[in-house]
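Asker: Based on what follows, work out the 3D shape:
(one chain, ligands or ions: 3)
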Amino acid sequence: MWGAPFSAQSRKLLLLGSGELGKEVIIEAQRLGVETVAVDRYNNAPAMGVAHRSHVIDMLDAESLKALIRLEKPDVIVPEIEAIATQALVELEQEGFLVIPTARATRLTMDREGIRRLAAEELGLPTAEYRFADSLEELHQAITELGTPCVVKPIMSSSGKGQSVCRKPEDAEDCWNTALEGARAKGTRVIVEAFVTFESEVTLLTVRSVDGTVFCPPIGHIQKDGDYVESWQPHQMNPGQLDEAQFIARTITDELGGLGIFGVELFLTNRGVLFSEVSPRPHDTGMVTMATQDLSQFALHVRSILGFPVQTVNLLTPGASATLKAVGNGQAFAVTGLKEALALPRTQVRVFGKPEVRPGRRMAITLSAAENVENARTTAKKAASMLKVEVYEDEQ
Ligand SMILES: Nc1ncnc2c1ncn2[C@@H]1O[C@H](COP(=O)(O)OP(=O)(O)OP(=O)(O)O)[C@@H](O)[C@H]1O
Ligand SMILES: NCC(=O)N[C@@H]1O[C@H](COP(=O)([O-])[O-])[C@@H](O)[C@H]1O
Ligand SMILES: [Mg+2]
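Answerer: Numbers count the residues shown, from 1 in each chain. Ligands and ions are numbered 1, 2, ... in the order given. The predicted structure is shown next:
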């Protein structure tokens, strides 16, 4: 074990990205007596409120990132978002720092091209057909080759930002402009994917610990405009589908390596299971595990990255989560309706504590447990419908 936070014997975890997922990672690390440092691009990010200390830096700036990490000298660096100067993480890893799960995994997964080419072209995993385009002309060509509908996404973005469905060739310019506006980093490259008509989509949380790989029961989810609005666990899959899903998840996570939890996103189709993408960190749809599993995805992440054993994951109850998203803009707002939502059976709420709203920003989730997934989904959605983000005009 290790000594107290702030002592010479402490074990220090530094989190890069301090949103709702990181907040729960920090809480789990605190439970094991770890010293915690939260980093993000803005002040008062959710995880900063629960960490021992925090820093605000531009995490896409390699020099700032390296300077901070050399100053803090953490035992473990835990990326929580994709928008990080991952080349700096590669250098820091070479200097001897431990990057979760590995610097290469963070570099490959921040970029849709890196992970897609690895999965489809090197590992031979089944995915939707895809093309890349660097200009509107190339996008027209890609759309001609793939046919419509197809999905256009910036190669660097997340939570559906910059993503659109191209329903007919004339939509190409709108899709191109949407991608330019939503891209995380400058640059215009997009991926164009054939539209997958799926029966359902799942996240297979996959834990790599010193004990090897274990899978959480599959999580089903619904996305709107490329962002999650509802998730539930367990999602019913037949044994053949589960085998395919676990094979894909094991193949990609073995290739990425390192320790920690991975969110493997899969489409279940009548032509089999398709790989979509993977997060080398806890997943937004996996927040449901706070209501369903004996160890949540956050507890599993922290245990495994600290080198502790993870032998099994046990589902204690079916459950569901639903999101609350903001409509307005500004810092003068309040989340209301908690009294009503918390009166529902076996229901909890997580209010993230983000300091500012913008349209579509996820501000809270509800978590409901029930005797079956259907009832849990109904209750979680009802609870979420009782929550509101009220924005006060005068202070904007
Ligand atoms: N080729 C596709 N065919 C049909 N639907 C798709 C396709 N690609 C993405 N989607 C839908 O859009 C959602 C978001 O896509 P994707 O996961 O690639 O985006 P993202 O921005 O990385 O989202 P997140 O960061 O939340 O994982 C998917 O979960 C799925 O519902
Ligand atoms: N799909 C990835 C995802 O859900 N990531 C989570 O959202 C936060 C950013 O939220 P913000 O954009 O509201 O600051 C991230 O920090 C992470 O916790
Ligand atoms: Mg996704």
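
Asker: Helices along the protein, start to end?
Answerer: Taking DSSP state H as the test, the helices found in the chain are 20-31, 62-72, 86-94, 103-109, 112-116, 136-146, 172-182, 239-256, 289-292, 297-305, 338-341, 373-386.

Asker: List the buried residues for the third one?
Answerer: Of the residues in helix 86-94, 86, 88, 89, 90, 92, 93 count as buried by neighbour count, 16 or more other C-beta atoms under 10 Å. C-beta: built from backbone N, CA, C; applies to glycine.

Asker: do the same with the first one
Answerer: Neighbour-count burial for helix 20-31, with 16+ other C-beta under 10 Å as criterion, is recorded at 20, 21, 22, 23, 24, 25, 26, 27, 28, 29, 30.

Asker: Contact partners for residue 233?
Answerer: 216-220, 288-289, 292-293, 315, 318-320, 373 (C-beta atoms under 8 Å, 6 or more residues apart in numbering).

Asker: Next one: residue 159 from residue 18, what distance?
Answerer: Between residue 159 and residue 18 the computed distance is 16 Å (C-beta to C-beta, to the nearest Å).

Asker: Sorry, wrong one. I was asking about residue 6.
Answerer: Applying C-beta to C-beta to residue 6 and residue 18 gives a distance of 20 Å.

Asker: cool, and residue 176?
Answerer: 32 Å.

Asker: what's around residue 255, how many residues?
Answerer: Number of residues near residue 255 (other C-beta atoms under 10 Å) recorded here: 16.

Asker: which non-adjacent residue is nearest it?
Answerer: Nearest residue to residue 255, sequence neighbours excluded (C-beta to C-beta, 6 or more residues apart in numbering): residue 123, at 6.1 Å.

Asker: thinking again about what came up before, filter the contacts of residue 233 down to just the ones in strands.
Answerer: Residues of those located in strands (DSSP state E): 219, 220, 319, 320.

Asker: would a markdown table of those with neighbour count and pLDDT be doable?
Answerer: Output for those, formatted as a markdown table (neighbours: other C-beta atoms under 10 Å; pLDDT from 0 to 100):
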| residue | neighbour count | pLDDT |
| --- | --- | --- |
| 219 | 28 | 99 |
| 220 | 22 | 98 |
| 319 | 30 | 99 |
| 320 | 31 | 99 |
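
Asker: of all those, which two lie farthest apart?
Answerer: Largest separation among the ones in strands among the contacts of residue 233 by C-beta to C-beta: 220 and 319, giving 11.5 Å.

Asker: Name the residues contacting each of the two.
Answerer: 232, 233, 373.

Asker: which one is the first one nearest to, not counting chain neighbours?
Answerer: Nearest residue to residue 232 in three dimensions, chain neighbours excluded: residue 320, at 4.1 Å (C-beta to C-beta, 6+ apart).

Asker: beta partners of that neighbour?
Answerer: residue 232, residue 368 (DSSP bridges).

Asker: What is the end-to-end distance of stretch 25-43?
Answerer: This stretch, stretch 25-43, spans 18 Å end to end (C-alpha to C-alpha, to the nearest Å).
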